[in-house]
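>>> only geometry, no sequence info:
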């Protein structure tokens, strides 16, 4: 699932303030380290260093900074420091929510929060499924605007949500939609695995 998160396409518009190009370049660099950190936690520190100073000028930077903090929480959890891990999860998810509220029209923030909410809910005591569903609904309403790959991501996470909600028929339908929309993708492969497990 972490590899799927790395495949997210970043949508973000050019800003109109002075130095926008260089700030956008920095944000993109921070997002790159965020994605690298999903596979190699040694990149968490660098991602935080880049994104933290930008969080007050960019909703996208704030969202990804919050996501990096939740990744850091996972590392503390691995080291059996549950108190620190939960504190970081609270901080990180709060920042992601603030980012969506700061600029709710950025699709990438809804993709980010949808995926992050699922990962946090699966890997910790924190339940973010309700938040995940709000982003699924938001993205589904605009699904036709996105690439087939991103449509596949929406359908995959829709299916994962419905599994957790014990709505099996809707989950299987979402997995079928993922496979049909984005054949050959990592998302479709993941959907096939879940379909095979639950379709019997």
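Yep, that arrived. Predicted model only: the values in this text are computed from it and were never measured.

>>> any idea which residue sits dead centre in the chain?
residue 112 (2.7 Å; Cα atoms, centre = their mean).

>>> distance-wise, check it relative to residue 29.
Going from residue 112 to residue 29 by Cβ to Cβ, to the nearest Å gives 16 Å. From N, CA and C alone the C-beta is placed, and that goes for glycine too.

>>> again with residue 128
Noted for residue 128: a distance of 27 Å to residue 29, by Cβ to Cβ.

>>> which stretches in this structure count as helices?
Taking DSSP state H to define them, one finds helices in the chain at 2-6, 20-39, 44-51, 59-78, 82-102, 107-123, 129-141, 148-164, 168-181, 186-198.

>>> pull out the buried residues from the fifth one.
In other words, helix 82-102. Buried residues in helix 82-102, counted by 16 or more other Cβ atoms under 10 Å: 85-86, 88-89, 92-93, 95-97, 99-100, 102.

>>> just confirm residue 138 contacts residue 110, I think it does.
Yes. Contact criterion Cβ atoms under 8 Å: residue 138 and residue 110 qualify, at 5.1 Å.

>>> contacting residues for residue 171?
Taking Cβ atoms under 8 Å, 6 or more residues apart in numbering, we find residue 171 in contact with 158-163, 194, 198.

>>> got the helices of the chain as TSV, with mean pLDDT columns?
Converted to TSV, the helices of the chain look like this (pLDDT from 0 to 100):
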stretch	mean pLDDT
helix 2-6	45
helix 20-39	91
helix 44-51	97
helix 59-78	97
helix 82-102	97
helix 107-123	97
helix 129-141	98
helix 148-164	97
helix 168-181	97
helix 186-198	94
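
>>> and the closest residue to residue 95 other than its chain neighbours, how many neighbours?
Nearest residue to residue 95, sequence neighbours excluded (Cβ to Cβ, 6 or more residues apart in numbering): residue 66, at 2.9 Å. Neighbour count of residue 66, defined by other Cβ atoms under 10 Å: 25.

>>> same thing with residue 81?
Applying other Cβ under 10 Å, we find 14 residues neighbouring residue 81.

>>> compare neighbour counts for residue 128 and residue 29 and give me the winner.
Legend: neighbour count by other Cβ under 10 Å for residue 128 and residue 29, higher for residue 128 (23 against 14).

>>> gap between the more buried one and residue 70?
10 Å.

>>> quick check: neighbours shared by the two?
Contact with both residue 128 and residue 70 is made by residues 93, 116, 120, according to Cβ under 8 Å, 6+ apart.

>>> and the closest residue to the second one other than its chain neighbours, what does it touch?
Distance criterion Cβ to Cβ, 6+ apart; nearest residue to residue 116, sequence neighbours excluded, is residue 67 at 5.2 Å. With contacts defined as Cβ under 8 Å, 6+ apart, residue 67 is in contact with 34, 92, 96, 112, 116.
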